[in-house]
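J.: here is my input, please return the structure:
(2 chains)
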Amino acid sequence: NAGVTQTPKFQVLKTGQSMTLQCAQDMNHEYMSWYRQDPGMGLRLIHYSVGAGITDQGEVPNGYNVSRSTTEDFPLRLLSAAPSQTSVYFCASRGGLLAGAKNIQYFGAGTRLSVL
Amino acid sequence: GDSVTQMEGPVTLSEEAFLTINCTYTATGYPSLFWYVQYPGEGLQLLLKATKADDKGSNKGFEATYRKETTSFHLEKGSVQVSDSAVYFCALLSGGSYIPTFGRGTSLIVHP
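T.: Next comes the predicted model:
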């Protein structure tokens, strides 16, 4: 049981480049979310999904897109990278009522992104 | 809306010292409360949780009691170790919410 898997672990981009951060979970969880973590700012919610085909914006959605075509995968797309998007990104998942959840949020190990 | 307030860090302690990290919350109804821990270079992982008033969550020597009257969930450990050095996040999940609300995190540094 791998839990929540994020790839890549590290990435360096140039301003204006686009890329996709991958996130996959193997726990059949309904809810998935993306956060960014910056020094002194805690975790800030970017986007989240409550099931395949359903996504919504979080606190800081600008510059990011998501989609949820399957229960397992929830990729985060940076459309045109900016230095302000330099951060550590975490994907998380949580089971809903149908999964007999215990309300625990499971996190991936993170993607460390630098935009030059 | 829901919110979680944690004490500012870093908290710096010597090994075997007593630890308290304060957490207070604002929420409607009766949320579930959590402490997550983030070790250097890793993602967050659940440390302990409590789902109703007066419940005590415990794990790895850490404890926290759900205090509804003071809307608090303070984290304590009687004797910290160097390996406890990490960032600790308090969080809540209200009934009907999809996403937990997290505090800003408190960094703990334990010196030998």
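J.: tell me, how many residues neighbour the nearest residue to A:Lys9 once chain neighbours are set aside?
T.: Distances taken as C-beta to C-beta, 6 or more residues apart in numbering or on different chains put A:Thr111 closest to A:Lys9, at 6.3 Å, once the chain neighbours are dropped. The C-beta positions use only the backbone N, C-alpha and C, and glycine is treated the same way. Residue neighbour count, defined by other C-beta atoms under 10 Å in any protein chain shown, stands at 23 for A:Thr111.
J.: quick one: A:Thr111 from A:Phe10, how far?
T.: Separation of A:Thr111 from A:Phe10 (C-beta to C-beta, to the nearest Å) stands at 7 Å.
J.: swap in A:Pro83?
T.: Counting by C-beta to C-beta, the gap from A:Pro83 to A:Phe10 is 17 Å.
J.: OK, contacts around B:Val37?
T.: B:Leu44, B:Gln45, B:Leu47, B:Ala86, B:Val87, B:Tyr88, B:Phe89 (C-beta atoms under 8 Å, 6 or more residues apart in numbering or on different chains).
J.: around chain B, which positions in chain A sit nearby?
T.: Residues of chain A found near chain B (C-beta under 8 Å from any C-beta of the partner chain) are A:4, A:31, A:33, A:40-43, A:45, A:48, A:50, A:58, A:90, A:92, A:94, A:103-105, A:107-110.
J.: show me how to select, in ChimeraX, the buried members of the residues you listed.
T.: Per 16 or more other C-beta atoms under 10 Å in any protein chain shown, the buried members of the residues of chain A next to chain B correspond to this ChimeraX selection:
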select /A:4,31,33,42,43,45,48,50,58,90,92,94,103,104,105,107,108,109,110
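J.: give me the subset of the residues of chain A next to chain B that lies in strands.
T.: Among the residues of chain A next to chain B, the members falling in strands (DSSP state E) are A:Val4, A:Tyr31, A:Ser33, A:Gly42, A:Leu43, A:Leu45, A:Tyr48, A:Val50, A:Phe90, A:Ala92, A:Arg94, A:Phe107.
J.: chain neighbours aside, what residue packs nearest to the spatially most central residue of chain A?
T.: Taking C-alpha atoms, centre = their mean, the centroid of chain A lies closest to A:Trp34, which sits 2.9 Å from it. Leaving out its chain neighbours, the residue that sits closest to A:Trp34 by C-beta to C-beta, 6+ apart is A:Ile46, at 4.4 Å.
J.: now for the one you found: which residues touch it?
T.: A:Ile46 sits next to A:Ser33, A:Trp34, A:Tyr35, A:Arg36, A:Gly58, A:Glu59, A:Val60, A:Pro61, A:Tyr64, A:Val66, A:Leu76, A:Tyr89 when contact means C-beta under 8 Å, 6+ apart.
J.: ok, those residues vs chain B, which is closest?
T.: A:Ser33 (5.6 Å; C-beta to the nearest C-beta).
J.: how close does the nearest residue to that closest one once chain neighbours are set aside sit to A:Cys91?
T.: Computed as C-beta to C-beta, 6+ apart, the closest residue to A:Ser33 that is not its neighbour in sequence is A:Tyr48, at 3.9 Å. Distance of A:Tyr48 to A:Cys91, computed by C-beta to C-beta: 10 Å.
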